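1. Provide a 3D model corresponding to the input given below.
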Amino acid sequence: MRILGLDVGDKRIGVAISDPMGWTAQGLEVLERESQEEFIRLKEIVELYDVEKIVVGLPKNMNGTLGPQAEKVERFIEHIGDNLGLPIVRWDERLSTVAAERSLLEADMSRSRRKRVIDKVAAVLILQSYLDFIDRSKGISSQHDENKLC
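-> The predicted model follows:
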């Protein structure tokens, strides 16, 4: 089962994809937000990779509330939900872009190169965070099942 991760911004959308086992996230591409073209490309990606679920980073404020950018992302989610017909998970993405920027700076990447890949790296961080959560949840669930056997 493949899961698609998205970091949705005003100008660009970072795209990441999980491996078939759902363990790791890899950066796929950055889509420019251009009059519906990004939706056509997302549909192509969903079909090409046989995606079963989409995780979209939801930019919450530091206090957990939703601001204007989150409302824009919610409208985007509604649109892809209507057009792709897949389950969509909203995932807290607070500081994902900051973490992406930090990792690219540590890699000594030039400013122009960082600008081209930061959204993809943020999408990877969002998706990997979700995959790690799912993996931990499975571990907790199996521990509870083992306790029932005792």
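2. show me which helix or strand of this protein is least confident by mean pLDDT.
-> Here the helix or strand of the chain ranked lowest by mean pLDDT, DSSP states H and E is helix 96-106, holding a mean of 62.
3. report the buried residues of the helix or strand containing residue 71.
-> Secondary-structure assignment from DSSP states H and E places residue 71 in helix 68-84. By neighbour count, and taking 16 or more other Cβ atoms under 10 Å as the criterion, the buried residues in helix 68-84 are 70, 73, 76-77, 80, 84. All C-beta atoms are positioned from the backbone trio N, CA, C, and that covers glycine.
4. for it, packing partners?
-> Applying 3 or more Cβ pairs under 8 Å, 6 or more residues apart in numbering; DSSP states H and E, one finds that helix 68-84 contacts strand 2-8, helix 37-49, strand 51-58, strand 88-92.
5. shaky segments in this protein?
-> Along the chain, the parts satisfying pLDDT under 70 run over 61, 94-116, 139-150.
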